[in-house]
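# Here's my sequence, what's the structure:
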Amino acid sequence: MTADQRLDQLEPLVAQTLAVADRHTAQLNQANNQLTQVTGQLNQIVNQLNQVASLGSQQSDNTGFLLQELAEVKQEVGEIKQAVSVLIEGQGALTSEVTMMSARLSTLETTVMVTNMKVTNLDGKMDRMIELLSGSK
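Take a look at the predicted model:
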């Protein structure tokens with residue numbers, strides 16, 4: 001086989017190989033473009049996930065703060081309940097003392113009335129003695 005014949009046989013083979021290579025290059029370029037688009041979309045998703053994580057962290061901080069405040073409020077409510085309990089006990093003691101003072105006041109009023117009656121009676125006797133003493137002069 002002559003060099004021209006061999007060249008004639010190789011030429012369609014090279015052309016066919018180059019055509020396949022061109023097709024593969026076009027497919028690779030297309031795949032590369034799609035990969036670039038997917039990479040961009042993934043970057044957007046990563047950015048959104050970072051934002052969600054940041055918001056989640058803020059929410060976690062807010063929730064932690066609210067739980068701490070709630071614990072403090074519960075503690076203050078407990079202290080207030082204790083103070084109210086002490087006040088209620090004190091009120092009971094005051095009520096009993098007021099009752100005793102009322103009883104003593106009633107006793108005192110009775111004593112004053114008895115004393116008033118004795119003074120009135122004594123007044124009458126003194127008036128009678130004065131009459132008797134004035135009449136004997």
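# What distance do you get for A26 to N43?
Distance of A26 to N43, computed by C-beta to C-beta, to the nearest Å: 26 Å. No exception for glycine: its C-beta is placed from N, CA and C like everyone else's.
# and if you look at D123?
Distance, D123 to N43, by C-beta to C-beta: 115 Å.
# likewise A31?
18 Å.
# and if you look at L10?
Taken as C-beta to C-beta, the span from L10 to N43 is 47 Å.
# same question, E79
Taking C-beta to C-beta as the measure, E79 and N43 are separated by 54 Å.
# Okay, strands next: where are they in this protein?
Counting by DSSP state E, the chain has no strands to list.
# pLDDT below threshold where in it?
For the chain, the stretches flagged by pLDDT under 70 are 136-137.
# Just give me the neighbour total for R23.
R23: 10 surrounding residues under other C-beta atoms under 10 Å.
# and what of T63?
Neighbours of T63 using other C-beta under 10 Å come to 10.
# what residue lies at the spatial centre of this structure?
For the chain, L70 is the residue whose C-alpha lies nearest the centre (C-alpha atoms, centre = their mean; 3.3 Å).
# So that one versus N43, what's the distance?
40 Å.
# go on, N116?
105 Å.
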